[in-house]
Each structure stands twice: as C-alpha cells, then as structure tokens.
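Q: following is a predicted model, sequence given first.
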Amino acid sequence: MFPKIDSLIRTIDANLIVESRKKVLNPLIDYIQKKVSNKEDIRLNFICTHNSRRSHLSQVWAQTMAHYFQINQVYCYSGGTEATALYPKVAKTLEQMGFQILTLSNDKNPVYSIKFSKNEHPIIGFSKIYDDVFNPSSHFAAIMTCSQADAGCPFIAGAEKRIPITYEDPKDSDNTSSQTEVYSNRSFQIATEMLYVFSQLKK
C-alpha cells in the first residue's frame, strides 16, 4: 500500500462512529462476514444516482480497506441510475489522499485507473449504470449511497442483498470556497466507515 494512504488509515479512529451509524453499517458487515465464513467471493456494488461522487469514493475505500485488513476475494464496483461522469474533484481528492490516479481516456465520461498499492490491480473508475456489463449481474450486494437512488431503485436485479448506507452529497459545495474541505471530509468519513466495516470481520 502506498505510504501516504497507510499513514492516513492509521490516523482513523473508528470509535468516533456513533452507535446509530454503526447500526446502519451492520447489515454490510453481516453480509461480508457470511461470505468470508463460507469462503465465497464478495461482490459489492455501490450505487448512487449519477455514479459520479459518493459511489466512487465508497467503491475505492471499500476495496482499499479489504486489502488493508487482508480480506481476500473482495471485488468492489459502482454504478448509478444513470451514467454521467466521475467528477474530477473526486479524482483530485483521492490523489491528495495518496492514491495514484491515471487518466486512461479523457472524453465526456473519462476512465481513470486508481491505485492504492504499487503491485495491486487498479480500480477502474468511470460512470456507468448499475447494471452495466462492467458490473456483476448476480451474487452481489447493492449498497445504496444516496437517498435518491435508495428511493428510486426499490429493486436491483441480481442483488442478493440491498443495503442503504447513504451519505450527504459533496456536490453542494461545488464552486464554493469550501469545496476542497467538503470533498476531503466526505472521503474521510467514507474511509472511516469502510475501515470500521472491514475491521469487524473474523477470518
């Protein structure tokens, strides 16, 4: 793992997560634990409306924490109810936190390689609908990261489990002086919660 990310993770105090929020995270812990106990692949598809901000941050941090806690056979994806583009500030925020970002294509919907470690497979980040061929079609958990997608998609085809874990949209800070701080805080919140999830698992 890249040193800056490793150092950041070591500063996270999951004890700061309030009990009501832990209850929100527990269904995801239970889903992953069952897969770990049965030695099954773990597929997590993080979904928000535009697959541009929160779902990508969740995908990246979940994959990173799975590696950090050595939970194997974890495959993280993201999608939306519609495809737009991964918002550039998300890539910049992850880069500032220590991820290695490479732009693979630079059209209306750029494709990014996002690496948390020199020798691990990169996470491929681009906007897509949740049932895109890039994503799993069965045997996965759908994690709804925004209330709009949670309300608008009561049924996700192929999902074994549907788990709402919603976050406030950092988009509200776009074009303001607080944008960098808001995106950083949201990324850190998601990192903290994904650390908590994976730290609770018993191999």
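A: All right, it came through fine. Residues are numbered from 1 along each chain as shown.

Q: what about residue 99, distance to residue 132?
A: Taking C-beta to C-beta, to the nearest Å as the measure, residue 99 falls 23 Å from residue 132. In short, each C-beta sits where N, CA and C put it, glycine included.

Q: look at the two and report which has more neighbours.
A: residue 99 (23 against 17; other C-beta atoms under 10 Å).

Q: could you find the closest non-adjacent residue to the residue most central in space within the chain?
A: By C-alpha atoms, centre = their mean, the mean C-alpha position of the chain lies nearest to residue 58, the distance being 1.6 Å. In space, and not counting its chain neighbours, residue 58 is closest to residue 46: 4.0 Å by C-beta to C-beta, 6 or more residues apart in numbering.

Q: quick check, pLDDT for the one you found.
A: Here the pLDDT value assigned to residue 46 is 98.

Q: again, but for residue 57
A: Value for residue 57, per-residue pLDDT: 98.

Q: just to be sure, it is in a helix?
A: Yes. With DSSP: H, G, I helix; E, B strand; the rest coil as the criterion, residue 57 is part of a helix.

Q: check the gap between it and residue 91 for me.
A: Applying C-beta to C-beta, the value for residue 57 to residue 91 is 10 Å.

Q: where do the helices sit along the chain?
A: Secondary structure of the chain (DSSP state H): helices at 3-11, 19-37, 54-68, 88-96, 147-152, 179-199.

Q: pick the most deeply packed of those helices.
A: helix 54-68 (a mean of 26; mean count of other C-beta atoms under 10 Å).

Q: which helices and strands sit right next to that helix?
A: Helices and strands touching helix 54-68, by 3 or more C-beta pairs under 8 Å, 6 or more residues apart in numbering; DSSP states H and E, are helix 3-11, strand 42-48, strand 74-80, helix 88-96, strand 123-125, helix 179-199.
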